[in-house]
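Asks: Take this sequence and fold it.
(one chain, ligands or ions: 2)
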Amino acid sequence: MRALRTGRIRAACVAGVAAAALALPLVGAEATQDAAPPAALTGEWLSGDLHVHTCYSHDAYCPPDDYNTTEEDFYTLSGTVEERFIEASVRGLDYVAITDHHSQGNPAESGARSVNDPGFGTHGVIGVPGYENSISGHAQMLGAARVYPWTSADAGTPAGLAGVNAMADELRGDGGVFQANHPADGIDHELTACDDTGSLDWGYGYGVRVDSVEVWNIGHYLQPPAPGNSPSKDALTYWECWLNTGAHVAATGGSDSHWLSTALVQGPGNPTTWVFAGERTARGVLRAIREGRTSISVQSPAAGATRLLLEGDSDGDGDFESMIGDTVPSGTAMRVRATGAPGSGLVEVLANGTVLRDEAPLTPGGAVTFTAPNRAGWVYARLLAPESVETRREICDQQVGDQTTYCRAPVGVLAMTSAMYLGEVPPPGVPEVPSVLFMPLTMLVTVAGAVAIRRRRNRAGQLDNGSTTSTC
Ligand SMILES: [Zn+2]
Ligand SMILES: [Zn+2]
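Replies: Ligands and ions are numbered 1, 2, ... in the order given. Just a heads-up that it's a prediction; the model follows:
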């Protein structure tokens, strides 16, 4: 765990240097103006899964008339849209997003076909439309009830960045959410610096604005080398790098569930993403993600999910009225607590790239309290099971090598929150991502890096080369 923290600090430092060079709002800078306390919101926490596949995906087989998968891929036996909603229902989920694969120009791909399936949104579970878009990496088009075409998706060109940004903006205009899925899929080394984006599967660095990052794909205990291919640890670092830029980006989880054979350990709800929604609709779910009001649990509600909460007493009156996604004054008193079972574990609080609280015991019904840093930035929390990761790392790397994240990453992650933000509250009408300064300059950096490295896998070509990894 020590090396992981070093990596985080280093990542933050690199981002700070980059931000200074780009005249970005510096996370490490002292806050110049404290935030006004946010008004308490009304709503409820809804549980769900933002990443579930069905028979409509090319790597999911449903006999006898599957149009884009054959019996040769029998091991990919999957479920229909209705079967997925039944699964979600029995796991206690409130919503599920069906996100089958889509690759522009490939007639075997399905796009948002599931939204018109009679099984969509059945069995008391809210259906969130969407599809998983193969560009330079996999973009989750949450809320998409149709296909959104792009003019260019080439991460190595300004036109590619502009094309994907335009597509994402069009989705947002319709109320959708644009998300980077499993950004570290297939990464060949630990991500320790924010500008080291050339090894990521997500090809756009920080040049394409995202509303959310899937920091938790499948489960931490199913990381590379098998059966998953996308280390959540590095995805988490990538998300933190986004926060370092000053952007407000939600953290989400996704089971990426494809196959019935693996449904027990990565079925809908493994992990579960909680959203604090003002209404029990797909629109409410999507808005909550855009507002950053998410929390992730390793288990579904039916299996005893622990929902981790991060709250702040931003006006100092003793009530913790501020919540995940809010911007509060730096130096605010905060607490971490949990609901659900068992509601206990070891709390880790991360702030601006450093560990603020480490392995603080959280007992059922209790809380871990702390004071936020006295400067602008971000804070989030994780709930861990005791697992001696530091000892495991020292022993395991020598025996197995560093090819597996089992040796060096926490696998006993029970839950985590999205961030709360410290410092200034953006005035109304000003985008949270400082697009005027931020986007063109970072686009240049990203394009230069992408052109120099060009190590992207052609995800759009997966259907032809027969890839059937469960992590896509
Ligand atoms: Zn994928
Ligand atoms: Zn997927």
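Asks: Which positions in stretch 112-125 come out as buried?
Replies: Buried residues in stretch 112-125, counted by 16 or more other Cβ atoms under 10 Å: 112-115, 117, 119-122, 125. The way it works is simple: take the backbone N, C-alpha and C, and place the C-beta from them, glycine included.
Asks: Can you show me the helices along the stretch 151-300 of the chain?
Replies: Taking DSSP state H, counting those that start in this stretch as the test, the helices found in the stretch 151-300 of the chain are 158-173, 232-244, 263-266, 282-290.
Asks: Relative to Leu41, which of these is closest?
Replies: Closest approach to Leu41 among those is made by helix 282-290 (9.9 Å; Cβ to Cβ).
Asks: State the mean pLDDT of that closest one.
Replies: Across helix 282-290, the average pLDDT comes to 98.
Asks: Stretch 142-157 too?
Replies: Taken as a whole, stretch 142-157 has a mean pLDDT of 95.
Asks: and that stretch, anywhere near ligand 2?
Replies: No: using Cβ under 5 Å from the ion, stretch 142-157 never reaches ligand 2; the gap is at least 12.5 Å.
Asks: Might you name the residue of this structure sitting closest to ligand 2?
Replies: Asp256 (4.4 Å; Cβ to the ion).
Asks: Any chance of the backbone angles for that residue?
Replies: phi 50, psi 30 (degrees, to the nearest 10).
Asks: interface residues of the stretch 101-250 of the chain facing ligand 2?
Replies: Residues of the stretch 101-250 of the chain lying close to ligand 2 (Cβ under 5 Å from the ion) are Glu132.
Asks: Next, the nearest residue to Asn165 once chain neighbours are set aside: phi, psi?
Replies: Closest residue to Asn165 apart from its sequence neighbours, by Cβ to Cβ, 6 or more residues apart in numbering: Val208 at 5.5 Å. Per-residue torsions, Val208: phi -120, psi 120 (degrees, to the nearest 10).
Asks: just Gly316 next, same as before
Replies: phi 70, psi 20.
Asks: In the stretch 101-250 of the chain, which residue sits closest to ligand 1?
Replies: Counting by Cβ to the ion, the stretch 101-250 of the chain gets nearest ligand 1 through His138, at 3.6 Å.
Asks: could you dump stretch 198-210 to PDB, C-alpha only?
Replies: What follows is stretch 198-210, C-alpha atoms only, in PDB (Å, rounded to 0.1, in the frame of the first residue of the first chain):
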ATOM      1  CA  GLY A 198      -0.400   6.600 -23.400                       C
ATOM      2  CA  SER A 199      -0.700   3.200 -21.700                       C
ATOM      3  CA  LEU A 200      -4.400   3.600 -21.100                       C
ATOM      4  CA  ASP A 201      -7.100   1.900 -23.100                       C
ATOM      5  CA  TRP A 202      -9.000   5.200 -23.000                       C
ATOM      6  CA  GLY A 203      -7.200   7.100 -25.700                       C
ATOM      7  CA  TYR A 204      -8.100  10.700 -25.100                       C
ATOM      8  CA  GLY A 205      -6.200  11.600 -22.000                       C
ATOM      9  CA  TYR A 206      -7.900  14.700 -20.600                       C
ATOM     10  CA  GLY A 207      -8.800  16.100 -24.000                       C
ATOM     11  CA  VAL A 208     -12.300  14.700 -24.100                       C
ATOM     12  CA  ARG A 209     -14.500  15.800 -21.300                       C
ATOM     13  CA  VAL A 210     -16.100  13.000 -19.300                       C
END
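Asks: Strands along the stretch 1-150 of the chain, start to end?
Replies: Taking DSSP state E, counting those that start in this stretch to define them, one finds strands in the stretch 1-150 of the chain at 44-52, 95-98, 100-102, 126-128, 131-135, 137-142.
Asks: Run through this protein and note the low-pLDDT ranges.
Replies: Scanning the chain with the threshold set as pLDDT under 70 gives 1-40, 71-72, 74-75, 220-229, 389, 397-409, 424-472.
Asks: give the contact list for Pro386.
Replies: 345-346, 412 (Cβ atoms under 8 Å, 6 or more residues apart in numbering).
Asks: Near ligand 1, which residues of the stretch 151-300 of the chain? Just list them.
Replies: Residues of the stretch 151-300 of the chain lying close to ligand 1 (Cβ under 5 Å from the ion) are Asn181.
Asks: ok, which stretches of the stretch 151-300 of the chain are strands?
Replies: So, for the stretch 151-300 of the chain - with DSSP E, counting those that start in this stretch - the strands run 177-180, 212-217, 250-254, 272-277, 294-297.
Asks: would you turn the ones you listed into CSV with distance to Ile324?
Replies: Listed next are the strands of the stretch 151-300 of the chain as CSV, based on distance: least, Cβ to Cβ, whole Å:
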stretch, distance to Ile324
strand 177-180, 16
strand 212-217, 13
strand 250-254, 9
strand 272-277, 7
strand 294-297, 6
